[in-house]
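Participant: okay, predicted coordinates and the sequence, questions at the end:
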Number of protein chains: 4
Amino acid sequence: MGVKLHTLADVCMVPLGTSSASVSDFVALIETRIRQSNLKSTLHSAGTTIEGPWDEVMELIGEVHQYAHDNGYVRIHTEIRCGTRVDKFQTAQDKMDTVNKKIQNLQK
Amino acid sequence: MGVKLHTLADVCMVPLGTSSASVSDFVALIETRIRQSNLKSTLHSAGTTIEGPWDEVMELIGEVHQYAHDNGYVRIHTEIRCGTRVDKFQTAQDKMDTVNKKIQNLQK
Amino acid sequence: MGVKLHTLADVCMVPLGTSSASVSDFVALIETRIRQSNLKSTLHSAGTTIEGPWDEVMELIGEVHQYAHDNGYVRIHTEIRCGTRVDKFQTAQDKMDTVNKKIQNLQK
Amino acid sequence: MGVKLHTLADVCMVPLGTSSASVSDFVALIETRIRQSNLKSTLHSAGTTIEGPWDEVMELIGEVHQYAHDNGYVRIHTEIRCGTRVDKFQTAQDKMDTVNKKIQNLQK
């Protein structure tokens, strides 16, 4: 796979067809798998943001699907928000820092 | 509007048709508006999670669209991840606490 | 609720904690409920697009959550793509017609 | 990339930082690119559903980002709903057929 564009991908993954409505066991399982990769990620209450080259990020998300299936989850539903830009390089932390600074300026 | 179900709604809002590819001014503007409401919200690098009764949360998101239009943004594109459940009450912080505890257990 | 902005909202709704991984019973149930409203909607393989004033569209989606809970679904996870614009009025069909025409022109 | 799981990925892609609020030129451009691939896709008013092995689908979406950048779009924001399942093979058309049949049964 040849797409090297840097992306920030925010991933929300849920299992379908589990007898319990709780998904925290599932989220703990996949989050542990995500953290075994070399890519930087940040967990929040509605998903995990993964940063890196497009091909590596999307391969990781696919591997996590495979890992969940291997652990007995029959069906996985995922929603990904992802962006690429060619005007500058930006991490998730950069985005937060910029927005937080501008929020402070608006409140002055 | 009569839907009182408690929801956690994770909102990612972007403006279309702005001359700059930067959206941090926009995000700072709408985040400031969101924080003027009575609803609890948490900002992260890919959106904001808003908590409360369905009707109040969705009305707030609509008001933020209107506010952005009033501030000169012609078109707004939003993506919302939202859930409701009737087996128990859960805040965004509750979800994080449960998952973080289970991640620690998996790593033992 | 006072937000009258016209919106196109594309809704993907799934149940969590069902013993079967199949969601077609659920989708048929909620789609039937959506069609009982006065709002125009269009079903596709990854969701349903609902058109109308912001407050009516979001109230309908909340009512569908409530309806699903009333029918025994404990937890619902929904993803909504929605847009508003103030430069012109546009239906889902308008969007399709414009894009299809431009695709034909590119292929000439 | 080695993830061969079959996926249905529904993709909504928008450009940021374009002087016009219209995105139909952009959508026509990327839709034409998507149709040049070997993967089956279906356009609807809120996105395009692409079907195939995980690695090929995600590589195609990345290539479309690259193609849009090559055509002058500085920043691209994409939202993907994607699912995998290991209990059975299902196309987008299969999903529609099953749901439509069940809707008809509910209306009897």
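Facilitator: Alright, I've got the coordinates.

Participant: now do the lowest-mean-pLDDT helix or strand in chain A: distance to the chain's middle.
Facilitator: Ranking every helix and strand in chain A by mean pLDDT, DSSP states H and E puts helix A:92-107 at the bottom, with a mean of 95. The gap between where helix A:92-107 is centred and where its chain is centred comes out at 21 Å by CA atoms, centre = their mean, to the nearest Å.

Participant: for it, name the packing helices and strands.
Facilitator: Other helices and strands packing on helix A:92-107, by 3 or more CB pairs under 8 Å, 6 or more residues apart in numbering or on different chains; DSSP states H and E, are helix B:24-35, strand B:40-44. C-betas here are computed from N, CA, C, even on glycine.

Participant: what's the angle from the shortest one to strand A:40-44?
Facilitator: In this structure, strand B:40-44 runs at an angle of 180 degrees to strand A:40-44, with axes from the mean of the first three to the mean of the last three CA atoms, to 10 degrees as the basis.

Participant: could you point out the helix or strand that follows strand B:40-44?
Facilitator: Helices and strands here follow DSSP states H and E; after strand B:40-44, the next one along the chain is strand B:47-53.

Participant: dump that next one to PDB, keeping only the CA atoms.
Facilitator: Listed in PDB are the C-alpha atoms of strand B:47-53, where the atom choice follows Å, rounded to 0.1, in the frame of the first residue of the first chain:
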ATOM      1  CA  GLY B  47     -14.700  16.900  18.400                       C
ATOM      2  CA  THR B  48     -16.600  17.700  21.500                       C
ATOM      3  CA  THR B  49     -18.700  15.300  23.600                       C
ATOM      4  CA  ILE B  50     -22.000  16.900  24.900                       C
ATOM      5  CA  GLU B  51     -24.100  15.300  27.600                       C
ATOM      6  CA  GLY B  52     -27.700  15.700  28.500                       C
ATOM      7  CA  PRO B  53     -31.300  15.000  27.500                       C
END
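
Participant: helices or strands next to it in the packing?
Facilitator: Taking 3+ CB pairs under 8 Å, 6+ apart as contact, the helices and strands that strand B:47-53 lies on are strand B:6-16, helix B:24-35, strand B:40-44, helix B:54-70.

Participant: for residue A:19, helix, strand, or coil?
Facilitator: Local secondary structure at residue A:19 is given as coil here, using DSSP: H, G, I helix; E, B strand; the rest coil.

Participant: report how many residues lie close to it.
Facilitator: As a burial measure, residue A:19 scores 9 neighbours (other CB atoms under 10 Å in any protein chain shown).

Participant: how distant is stretch A:101-108 from the center of its chain?
Facilitator: The mean C-alpha position of stretch A:101-108 is separated from the chain mean by 28 Å, CA atoms, centre = their mean.

Participant: just to revisit the earlier point, rebuild the helices and strands packed on strand B:47-53 as JSON lines, extending it with mean neighbour count, distance to chain C and mean pLDDT.
Facilitator: Formatted as JSON lines, these follow (neighbours: other CB atoms under 10 Å in any protein chain shown; distance: least, CB to the nearest CB, whole Å; pLDDT from 0 to 100):
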{"stretch": "strand B:6-16", "mean neighbour count": "23", "distance to chain C": "8", "mean pLDDT": "98"}
{"stretch": "helix B:24-35", "mean neighbour count": "19", "distance to chain C": "13", "mean pLDDT": "98"}
{"stretch": "strand B:40-44", "mean neighbour count": "18", "distance to chain C": "17", "mean pLDDT": "97"}
{"stretch": "helix B:54-70", "mean neighbour count": "21", "distance to chain C": "3", "mean pLDDT": "98"}
